[in-house]
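Asks: sequence first, then the predicted structure:
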2 protein chains.
Amino acid sequence: MEIALQEARAAAARGEVPVGAVVTDAAGQVLARAGNEVEARRDPSAHAELLALRAAAAATGDKLLPQATLWVTLEPCAMCAQATAFFRVKRLVFGAYDPKGGGVEHGPRIFSQPTCHHVPEVVGGVREGEAAALLREFFAGLR
Amino acid sequence: MEIALQEARAAAARGEVPVGAVVTDAAGQVLARAGNEVEARRDPSAHAELLALRAAAAATGDKLLPQATLWVTLEPCAMCAQATAFFRVKRLVFGAYDPKGGGVEHGPRIFSQPTCHHVPEVVGGVREGEAAALLREFFAGLR
């Protein structure tokens, strides 16, 4: 999660909403890391999670990531949660909870839907305070 | 929708699940078109809708698509429905309903969530029979 937080800080420095993500393999080795690139790519779907998942699959040469853990500093939105299911990620660990935009513990609760074909293990609130502080500082700076 | 169906047929010919998507502007001109590329890209998030939305934004040079219509042969999943909201698409027109994987009229019903910031106009069932037949034939061929 330290690497995900580094990615979030780097995103903030680029003027992006500070969210970072890392994908690790069964041995805990980093397969891919990414920060939010919505502004840089002018692409509202360029969330850190999607970028990291895509890069991790490319790194392994495999379409699915059934041994992988996705670490992300913020509770994923519905788009990224559904993508996490599509990539068959084993475990999702996230930092801050997101009552407004989250899709795991809030809103559509993607993994609780009976139509969700794959449900990862989910651990929320890991280094929550640091992840939330980054977001708070970023949005305070915009005002 | 005819172009989206062409994209779906082309996807089937490549061995992809036959789903096609088109993004048009306010004047009805095609901004982008795409078929499913999950197998070709080895990327479970390479759904036709996400590819077409991203390409349409790149084509306009704008991050958001508030005048656009997304035409897709199948009810979008939760990932693509949420992306449709992020891109601020004005109107979503889809073909076949998808009780198993859909995220608009089924499952998480993304646009009905109080946390969904943008809700497009939605029209479902347009050339539904043709879109559904393509999918049925594709999956029958796999058996």
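Replies: Okay, I see it. Numbering: from 1, shown residues only, chains lettered A, B, ... in the order given.

Asks: list the contacts for A:Ala131?
Replies: Under the criterion of CB atoms under 8 Å, 6 or more residues apart in numbering or on different chains, the contact partners of A:Ala131 comprise A:Leu5, A:Ala8, A:Thr73, A:Leu74, A:Gly95, A:Ala96. C-betas here are computed from N, CA, C, even on glycine.

Asks: neighbour-wise, which of the residues you listed leads?
Replies: Using other CB atoms under 10 Å in any protein chain shown as the neighbour test, those are led by A:Thr73, with 31 neighbours.

Asks: which one among the contacts of A:Ala131 gets closest to chain B?
Replies: Within the contacts of A:Ala131, the smallest distance to chain B is 13.9 Å, found for A:Leu74 (CB to the nearest CB).

Asks: do a quick rundown of the helices in chain A.
Replies: Read by DSSP state H, chain A holds these helices, from start to end of the chain: A:2-13, A:38-41, A:48-60, A:78-86, A:128-142.

Asks: ranking those helices by burial, who's on top?
Replies: Between these, the one whose residues have the most neighbours on average, counting mean count of other CB atoms under 10 Å in any protein chain shown, is helix A:78-86 (a mean of 29).

Asks: next, the angle from that helix to helix A:48-60.
Replies: Per axes from the mean of the first three to the mean of the last three CA atoms, to 10 degrees, the angle that helix A:78-86 makes with helix A:48-60 is 30 degrees.

Asks: model confidence over helix A:78-86, on average?
Replies: For helix A:78-86, mean pLDDT is 98.

Asks: again with stretch A:92-111
Replies: Over the span of stretch A:92-111, the pLDDT mean works out to 97.

Asks: now the end-to-end length of it.
Replies: For stretch A:92-111, the separation between the terminal residues is 11 Å (CA to CA, to the nearest Å).

Asks: quick one: buried residues of it?
Replies: Of the residues in stretch A:92-111, those scored as buried under the neighbour-count criterion (16 or more other CB atoms under 10 Å in any protein chain shown) are A:92-98, A:101-111.

Asks: can you put the helices of chain A in TSV and add distance to B:Glu49?
Replies: Written out in TSV, the entries for those read as follows (distance: least, CB to CB, whole Å):
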stretch	distance to B:Glu49
helix A:2-13	25
helix A:38-41	17
helix A:48-60	14
helix A:78-86	11
helix A:128-142	28
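
Asks: right, so of those helices, which gets closest to A:Ala68?
Replies: Each of these has some distance to A:Ala68 by CB to CB; the shortest is helix A:48-60, at 6.3 Å.

Asks: specify the angle between that closest one and helix A:2-13 in degrees.
Replies: Here helix A:48-60 points in a direction 120 degrees away from that of helix A:2-13 (the same axes, to 10 degrees).

Asks: give me the helices and strands touching helix A:48-60, please.
Replies: helix A:2-13, strand A:20-24, strand A:30-35, strand A:69-74, helix A:78-86 (3 or more CB pairs under 8 Å, 6 or more residues apart in numbering or on different chains; DSSP states H and E).

Asks: if we use 7 Å, what do you get?
Replies: Here helix A:48-60 touches strand A:20-24, strand A:30-35, strand A:69-74, helix A:78-86, going by 3 or more CB pairs under 7 Å, 6 or more residues apart in numbering or on different chains; DSSP states H and E.

Asks: interface residues of chain A facing chain B?
Replies: Within chain A, the positions adjacent to chain B are A:42-45, A:50, A:53-54, A:57, A:63-64, A:77-79, A:82-83, A:86-87, A:100-101, A:106-108, A:110, A:113, A:115 by CB under 7 Å from any CB of the partner chain.
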